[in-house]
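Visitor: just a sequence and a predicted model for now, questions to come.
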Amino acid sequence: MIKIKNRSLVSITDYTKDEILRILDIAEGFEEDQRQKILRDYVIATLFFEPSTRTRLSFESAVQYLGGSIVGFASPDVTSVTKGETLKDTILTVSNYSDLIVMRNPMDGSARYASEVSPVPIINAGDGANQHPTQCLLDLYSIRKTQGSLDNIHIAMVGDLKYGRTVHSLVQALSLWNTTFHFVSPESLKMPSSVKTWVKKAGLEYHQYTDFMEVMPKADILYMTRIQGERFPDPLEYEKVKNAYVLDNSMLETSKDNLRILHPLPRVNELNEDVDGNPKAYYFQQAKNGVYVRQALIAAILGLK
Amino acid sequence: MNTKRTELKVSAIRNGTVIDHIPSENVFQVFKILNLDNTSRQVYFGTNLDSKKYGKKGIIKISNKYFENEEISKIAIVAPTATIIEIKDYDVTKKGKVTLPENINNIVKCFNPKCVTNHQNVPTSFRVIEDHKGKMKLLCKYCEKTMGQENIEFL
């Protein structure tokens, strides 16, 4: 049974396979016709307790294409949060001014808590290092769009697989389909065992590599991530691995025709700019898909689609 | 004969509950969970007692007290091997192993310093799960991190 209306979305695992597919289907409709003014009488709050340019702009653009209004803040500096207001009080107050709250907050688990205290639905736009379900939905949308289906995909995830929350959520979500996972990372940033257990429990296969090129001829999707220097206690260790997982155009020669390259962005140096012109580069379109998916999610939660 | 001597190291109780087979190092955690440091009842305890099954064990005896299922579940978090024995007039009337509950609410602190429960006034809540090796883990309802027994700290 699909039950999205009036429900918060905190973690991608809150949704069943059918609910995810429903959002992706609605998003397709927005890709065909983005300017459907169905939010004309609605106010959406965007509460960004920490800065995030692209996620906030993507949500706000989604609301505005739908004709809705936005209240909120892009940083807590200008709010009563700096006066020591609790998250609960902020949520209860803002819920009086809006039909739905989009929230990013640096505390892990803050979105689940907000969804428990809020009388209006919450969409989690990132709670610390925990979840970012709309990124996951737009990744799934991009995979389905470029491959025609979410079934039987070989996905190679490259870079920081230990701390990257986007790859963890994506593994969880793709485990609902018949996916084969290829994890490519330095030894010190390997996929955590809890995530690998998830794959095993789903009865799916995963393979681990330290050599990037080994995976190239196998992948349908190459999901690149940024290796962040601050993750390494030893700067020398970072220097050793930082260039080992950089993709340039020449490396794509052995890849399949249907391969598409995804990246949650922003990139630093892990995607060479010479890849941008390759038809297999899909990351900017992927970011665009984020608007359709967020439109779909807002519309579905408000019961308008 | 040996068994008898071990038993006598901690006084027998007439009525009440014996919590046996507690891992020695966790006796004081069981004390804390059951709030035994604030009870007016007679409480006896022993640690590092010889145990045929576990090598060393701890034991706690509480007079005139029988535990509810919820309290027994709490014991299971820190002492999964424990046995609960109810005594009436020096006779064993009930004996059984502890079992873990599905959820642990507002007893344990989340080990993740960034978890919302460590910053706002939010009662903690964990689901009891097993990892791939069959070890007990607590999954935080909020930050979704899992912690093992070694990270458990009581509120």
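Guide: Right, received. Where do you want to start? Fair warning: this is a prediction, and the values are worked out from it, not measured in the lab.

Visitor: count the neighbours of B:S40 for me.
Guide: B:S40 has 5 neighbouring residues, counting by other Cβ atoms under 10 Å in any protein chain shown. (Each C-beta comes from the backbone N, C-alpha and C, glycine too.)

Visitor: contact partners for it?
Guide: Shown in contact with B:S40 (Cβ atoms under 8 Å, 6 or more residues apart in numbering or on different chains): no residues.

Visitor: that's a strand at it, yeah?
Guide: No. According to DSSP: H, G, I helix; E, B strand; the rest coil, B:S40 belongs to no strand; its state is coil.

Visitor: for it, give its distance to B:N64.
Guide: Distance of B:S40 to B:N64, given as Cβ to Cβ, to the nearest Å: 10 Å.

Visitor: also B:V122?
Guide: Applying Cβ to Cβ to B:V122 and B:N64 gives a distance of 36 Å.

Visitor: near chain A, which residues of chain B show up?
Guide: Contacts of chain B with chain A, taken as Cβ under 8 Å from any Cβ of the partner chain, map to B:110, B:112, B:114-117, B:119-122, B:131-132, B:140-146.

Visitor: show me what A:M224 bridges to in the sheet.
Guide: Note on A:M224: beta-bridge partners by DSSP bridges are A:V158.

Visitor: again with A:E205
Guide: A:T180.

Visitor: ok, it - contacts?
Guide: Shown in contact with A:E205 (Cβ under 8 Å, 6+ apart): A:T180, A:F181, A:V199.

Visitor: go on, A:P76?
Guide: A:F48, A:F49, A:E50, A:T82.

Visitor: go through the residues you listed and name the one with the lowest pLDDT.
Guide: Lowest pLDDT among the contacts of A:P76: A:T82, with 76.

Visitor: if I look at the nearest residue to that residue once chain neighbours are set aside, how far off is A:F49?
Guide: Nearest non-adjacent residue to A:T82, counting by Cβ to Cβ, 6 or more residues apart in numbering or on different chains: A:P76, 6.3 Å away. Relative to A:F49, A:P76 is positioned 5 Å away (Cβ to Cβ).

Visitor: also A:L262?
Guide: For A:L262 relative to A:F49 (Cβ to Cβ), the value is 27 Å.

Visitor: also A:Y65?
Guide: According to Cβ to Cβ, A:Y65 stands 25 Å off from A:F49.

Visitor: so for the two, which sits in the more crowded spot?
Guide: Remark: of A:Y65 and A:F49, A:F49 carries more neighbours, 22 against 19, as counted by other Cβ under 10 Å.

Visitor: let me see the ranges of the helices in the chain.
Guide: If you meant another chain, say so; for now it's chain A. Applying DSSP state H to chain A gives helices spanning A:17-32, A:53-65, A:87-94, A:110-117, A:133-147, A:165-174, A:193-201, A:235-241, A:283-301.

Visitor: wrong one, chain B
Guide: Using DSSP H, helices in chain B cover B:2-9, B:27-33, B:69-78.

Visitor: leaving out the residues flanking it, which one is nearest to the residue in chain B that chain A sits nearest to?
Guide: Closest residue of chain B to chain A, Cβ to the nearest Cβ: B:Y142 (2.7 Å). Leaving aside its chain neighbours, B:Y142 sits nearest to A:G109 (2.7 Å; criterion: Cβ to Cβ, 6+ apart).

Visitor: go on, A:A111?
Guide: Closest to A:A111 by Cβ to Cβ, 6+ apart is A:N124, at 3.6 Å.

Visitor: wait, isn't that neighbour in contact with A:L9?
Guide: Yes. Applying Cβ atoms under 8 Å, one finds A:N124 in contact with A:L9, separated by 6.3 Å.
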